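Asks: Fold the following for me, if possible:
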Amino acid sequence: MSPKFLIVFFLLITSNRIFAQKYRTLADISYCKNTDTDAYKKERCKLDLYIPTDRKDFSTIVWFHGGGLEGGNKFIPLELKEKGVAVVAVNYRLSPKEKAPGYIEDAAAAVAWAFAHIASYGGDPAKIYVSGHSAGGYLALMVGLDSSYLHKYGVDANRIKGLAPISGQTNTHYTIKKGRGQSMVIPQIDRYAPITFARKDAPPIVLITGDARLELPARYEENAHLAAILKQIGHAKTSLYQLQGFDHGTVYAPGCLLLLNWIKELEK
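Replies: Next up, the predicted model:
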């Protein structure tokens, strides 16, 4: 699908209704299994749940932070607050303490937690979206496209209402390549590349990157490649956006606003 260039971002802001609602945040909920004994896993595998308290059947965004799989911590994006949706902000294990596929397995466990528990907080488990910025976008794609990770938790990946990676890698992540001693420039496509698992029946996908001139090298092109492959195999609900004027670090804020608009369109 051809990229859709967005220039005037106040249209996104004004098109999102601000809900006069009350919210609460539940911090540091463990999504580990009770049988897990790994101290680092017990430390990192926690999430924060941000939910509206005066409505039911709300949509939920599972949000993975960025940081190159080597750093970062869970947070609720300001742009997603008070917008009528719940946010599940997830911590996961990090390299070099953890290697692939550990952090992908953590991401899957957090998504499975949302499916198992969001109804008890008033949310609709049929309206769970998986998103994140940079490394978080990579994790969102891996969990949503390689269905084997969620299958381990008894969850069909196609139950995800939509995947919305913001500036995520679609090839094998560079931190994984670095750990192997591989080139950081030459792309690798293997079992840790979301594009390997592109499939016709995947959930709706919106791919969002910053300006190709300002982004990390080939980040837009990677996403455009995945979009082209998805289209070629018959995935009918793929969108690709290049947000001009925004670099890798700043694209997540307008990307979140675009995500909210996309959710609104999917739920019409």
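
Asks: Contacts for the lengthiest strand in the chain, please.
Replies: Criterion DSSP state E: the longest strand present in the chain is strand 123-133. For strand 123-133, contacts defined as C-beta atoms under 8 Å, 6 or more residues apart in numbering pick out 51, 57-66, 86, 111, 114-115, 118-119, 137-140, 143-144, 159-168, 251-252, 255, 259, 263, 267. C-beta coordinates here come from the backbone N, C-alpha and C atoms, glycine included.

Asks: pLDDT of it, averaged?
Replies: Mean pLDDT, computed over strand 123-133, is 98.

Asks: one step back: could you list which of the contacts of strand 123-133 belong to helices?
Replies: 111, 114-115, 137-140, 143-144, 252, 255, 259, 263 (DSSP state H).

Asks: of these, the lowest pLDDT goes to which?
Replies: residue 252 (95).

Asks: how many other residues sit next to the closest residue to that one other than its chain neighbours?
Replies: Distance criterion C-beta to C-beta, 6 or more residues apart in numbering; nearest residue to residue 252, sequence neighbours excluded, is residue 133 at 4.0 Å. Residue 133 has 27 neighbours, counted by other C-beta atoms under 10 Å.

Asks: Kindly report the same for residue 78.
Replies: 9.

Asks: So which residues of this protein form strands?
Replies: Under DSSP E, the chain gives strands at 4-6, 23-30, 46-52, 58-64, 86-90, 123-133, 162-166, 205-210, 238-243.

Asks: of all the ones you listed, which gets the most neighbours per residue?
Replies: strand 162-166 (a mean of 28; mean count of other C-beta atoms under 10 Å).

Asks: What residues are bridge-paired with the residue nearest to residue 252?
Replies: Per DSSP bridges, the residues bridged to residue 133 are residue 166.

Asks: same check, this time on residue 89
Replies: residue 48, residue 63.

Asks: least trustworthy helix or strand in this structure by mean pLDDT?
Replies: One helix or strand of the chain scores below all others by mean pLDDT, DSSP states H and E: helix 10-15, with a mean of 43.

Asks: What residues sit buried inside stretch 228-236?
Replies: Buried residues in stretch 228-236, counted by 16 or more other C-beta atoms under 10 Å: 229-230, 235.

Asks: Out of those, name the ones that lie in helices.
Replies: 229-230.

Asks: Next, format the buried residues of stretch 228-236 as CSV and append pLDDT and distance to residue 197.
Replies: Output for those, formatted as CSV (pLDDT from 0 to 100; distance: C-beta to C-beta, whole Å):
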residue, pLDDT, distance to residue 197
229, 98, 10
230, 98, 11
235, 98, 12
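
Asks: Could you find the closest non-adjacent residue to residue 168?
Replies: residue 137 (2.3 Å).

Asks: just residue 246 next, same as before
Replies: Leaving out its chain neighbours, the residue that sits closest to residue 246 by C-beta to C-beta, 6+ apart is residue 210, at 4.3 Å.

Asks: just residue 244 next, same as before
Replies: What sits nearest to residue 244 in space, not counting adjacent residues and going by C-beta to C-beta, 6+ apart, is residue 211, at 4.8 Å.

Asks: Can you report how many residues neighbour the residue nearest to residue 168?
Replies: 30.

Asks: repeat for the one 3 residues further on
Replies: Summarising burial for residue 140: neighbours were counted as other C-beta under 10 Å, giving 29.
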